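In: Sequence and predicted structure are below.
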2 protein chains.
Amino acid sequence: MEIAIVTFDGFTDIDVVLPWDLLHRARGDGWIIRLLGTAPEHTSATGLDLRMHGVVEETGDADVVLFASGRPTRTLAASPDYLARFHLDPRRQMIGSMCSGALVLAALGLLNGAKATTYPTARAELEAFGVTVVEEPLVANGNVATAAGCLAAQDLVGWVIERLLGPARRDLVLRSIQPVGRGLELADAAALGDVYATTTPGP
Amino acid sequence: MEIAIVTFDGFTDIDVVLPWDLLHRARGDGWIIRLLGTAPEHTSATGLDLRMHGVVEETGDADVVLFASGRPTRTLAASPDYLARFHLDPRRQMIGSMCSGALVLAALGLLNGAKATTYPTARAELEAFGVTVVEEPLVANGNVATAAGCLAAQDLVGWVIERLLGPARRDLVLRSIQPVGRGLELADAAALGDVYATTTPGP
């Protein structure tokens, strides 16, 4: 099971690292999780550099492809050269986006005539693709899902984990990052050990 | 205003990057936000490498010092050499921790006889320092605060932003990362522009 997060210069930090961390907590058997970009490293909106594990062409071989967000999605969604590097097929791949990553999905023709969600500041641009923007954290149409608002990474990755590993695993992974006293309890310690899958204590 | 996030090999990805991103959204005038470690780069629990902006000794000059979490906090909290590199003073600095980062605060003598919170898997170790562990996302005693559960980064950074920039700024920054339809509305687009402080659209 190969899971790709599509990254680019100017990515929103949380929208890459929160899905990345949650997917690692799920620890599906044989899962390979990779950041794919167009350069050896990409710099976030705030200046963090992350090394890529491969190039965006490799999304064609992934089982799950999640698009990050950030201001540059407007430029990427308007770049024929960038879009031509993707060969995605929602019949055999789960494909999703965070926030304005929906613009790239739309430009790739994956949201034709569909309802979708996006970050408030990208609404008009997504509507310009003929997409009906709805006020929801996650909109899933078959194998294509859009999520909006950074913390909706929980909904997007939850959709992936539930489909691949079932609802119990989804719930445990999401519980592991909730605030103590607000979704996570001190008494949960034993159950959480499994999320880190080691014999040493977790976070 | 200098804000330091103390990072180390094996850090919990979300517990560094979520505070980092939120602090940048606050965009306080003249704020300098830096990752401080003990090496040029540190590798997260999941294998992401982040470049450091300085060394932990520089926390002595910061106005705000936030400790990340991760399994290695147990080793760090037991290392006299590591602890001797910090010269913190809660009379002139705001000092906080995520999850098991509370173990390092305790080892530095910053939680003596206090109530604090920590990640469920670190509870017994924190209690061994004589700390009373309570089931709360955030416990603030004057200038020292502990937060627990990754998403309680919102509470910890919210505490910093509210103290430095006021409650309205805190609320706007936290709103900007909520899921659409669950804390953030599509109609919020205009207000959110300020969080990114540019003329181009946000995430």
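Out: Perfect, thanks for sending it. Residues are numbered from 1 along each chain as shown, chains lettered A, B, ... in the order given.
In: and the lowest-mean-pLDDT helix or strand in chain A, how far out from the chain's middle?
Out: One helix or strand of chain A scores below all others by mean pLDDT, DSSP states H and E: helix A:189-196, with a mean of 80. Computed by C-alpha atoms, centre = their mean, to the nearest Å, the chain-centroid distance of helix A:189-196 equals 24 Å.
In: helices or strands up against it?
Out: When contacts are defined as 3 or more C-beta pairs under 8 Å, 6 or more residues apart in numbering or on different chains; DSSP states H and E, helix A:189-196 packs onto helix A:167-175. Every C-beta, even on glycine, is put in place using the N, C-alpha and C of the backbone.
In: Can you give me the buried ones in the helix it packs on?
Out: Across helix A:167-175, burial judged by 16 or more other C-beta atoms under 10 Å in any protein chain shown covers A:169, A:170, A:172, A:173, A:174, A:175.
In: Can it be said to contact chain B?
Out: No. Judged by C-beta under 8 Å from any C-beta of the partner chain, helix A:167-175 and chain B are separated, with a smallest distance of 9.2 Å.
In: Contacts for that helix, please.
Out: Contacts to helix A:167-175, defined as C-beta atoms under 8 Å, 6 or more residues apart in numbering or on different chains, come from residues A:22, A:25-26, A:154, A:157-158, A:161-162, A:183-184, A:188, A:191-192, A:194-195.
In: let's see it at 10 Å
Out: Under the contact criterion C-beta atoms under 10 Å, 6 or more residues apart in numbering or on different chains, helix A:167-175 has outside partners A:21-28, A:154-155, A:157-165, A:183-185, A:188, A:191-192, A:194-195, B:149, B:151.
In: Dump it to CSV, restricted to CA.
Out: C-alpha atoms of helix A:167-175 as CSV (Å, rounded to 0.1, in the frame of the first residue of the first chain):
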residue,chain,number,x,y,z
PRO,A,167,-13.3,2.2,11.9
ALA,A,168,-11.7,1.0,15.1
ARG,A,169,-8.2,1.8,13.9
ARG,A,170,-9.4,5.2,12.5
ASP,A,171,-10.9,6.0,15.9
LEU,A,172,-7.8,5.0,17.9
VAL,A,173,-5.5,7.0,15.6
LEU,A,174,-7.6,10.1,15.8
ARG,A,175,-8.0,9.8,19.6
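In: Determine if any part of stretch A:63-79 is in contact with chain B.
Out: Yes. Residues of stretch A:63-79 are located near chain B by C-beta under 10 Å from any C-beta of the partner chain, namely A:68, A:69, A:70, A:71, A:72, A:73, A:74.
In: Can I get these in TSV including neighbour count and secondary structure?
Out: Putting the residues of stretch A:63-79 next to chain B into TSV (neighbours: other C-beta atoms under 10 Å in any protein chain shown; DSSP: H, G, I helix; E, B strand; the rest coil) gives the following:
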residue	neighbour count	secondary structure
A:68	32	coil
A:69	31	coil
A:70	27	coil
A:71	20	coil
A:72	20	coil
A:73	32	helix
A:74	17	helix
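In: Pipe the residues you listed into CSV and attach distance to residue A:88 and pLDDT per row.
Out: As requested, the residues of stretch A:63-79 next to chain B are exported to CSV (distance: C-beta to C-beta, whole Å; pLDDT from 0 to 100):
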residue, distance to residue A:88, pLDDT
A:68, 15, 98
A:69, 17, 97
A:70, 20, 96
A:71, 23, 94
A:72, 19, 96
A:73, 16, 97
A:74, 20, 97
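In: just how off-centre is stretch A:169-189 within its chain?
Out: Distance, centroid of stretch A:169-189 to centroid of chain: 21 Å (C-alpha atoms, centre = their mean).
In: what about that stretch, start to end distance?
Out: 16 Å (C-alpha to C-alpha, to the nearest Å).
In: Any stretches of chain A with poor pLDDT?
Out: Applying pLDDT under 70 to chain A picks out residues A:196-203.
In: Taking the centroid of it, which residue is nearest it?
Out: Using C-alpha atoms, centre = their mean, the residue of chain A that lies closest to the mean C-alpha position is residue A:66, 4.0 Å off.
In: what helix or strand is it on?
Out: strand A:64-67 (DSSP states H and E).
In: for residue A:18, same thing?
Out: Counting by DSSP H and E, residue A:18 is part of helix A:13-26.
In: mind listing what's buried in the next helix or strand after that helix?
Out: Sequence order places strand A:32-37 as the next helix or strand after helix A:13-26, per DSSP H and E. For strand A:32-37, a neighbour-count test (16+ other C-beta under 10 Å) marks A:33, A:34, A:35, A:36, A:37 as buried.
In: roughly how far apart are the nearest residue to residue A:163 once chain neighbours are set aside and residue A:143?
Out: Spatially, and ignoring its direct neighbours in sequence, residue A:163 is nearest to residue A:94 (6.7 Å; C-beta to C-beta, 6 or more residues apart in numbering or on different chains). Using C-beta to C-beta, to the nearest Å, one obtains 5 Å as the distance from residue A:94 to residue A:143.
In: ok, now residue A:10?
Out: In terms of C-beta to C-beta, residue A:10 sits 27 Å off from residue A:143.
In: Wasn't residue A:50 part of a strand?
Out: Yes. Counting by DSSP: H, G, I helix; E, B strand; the rest coil, residue A:50 falls inside a strand.
In: Hmm, it is touching residue A:17, no?
Out: Yes. Judged on C-beta atoms under 10 Å, residue A:50 makes contact with residue A:17 at a distance of 8.3 Å.
In: Compare these two and say which one has the larger neighbour count.
Out: residue A:17 (30 against 22; other C-beta atoms under 10 Å in any protein chain shown).
In: Could you pull up the residues touching the more buried one?
Out: A:5, A:11, A:35, A:44, A:48, A:50, A:68, A:150, A:153, B:13-14, B:16-18, B:20-21, B:44, B:46, B:48, B:50.
In: change it to 6 Å
Out: Residues in contact with residue A:17 (C-beta atoms under 6 Å, 6 or more residues apart in numbering or on different chains) are B:13, B:17.
In: Looking at residue A:10 and residue A:143 now, which is surrounded by more residues?
Out: Of the pair residue A:10 and residue A:143, residue A:10 is the one with more neighbours under other C-beta under 10 Å, namely 20 against 16.
In: correct me, but the more buried one touches residue A:73?
Out: No. Between residue A:10 and residue A:73 there is no contact under C-beta atoms under 6 Å: 8.7 Å.
In: Appreciated, that's everything.
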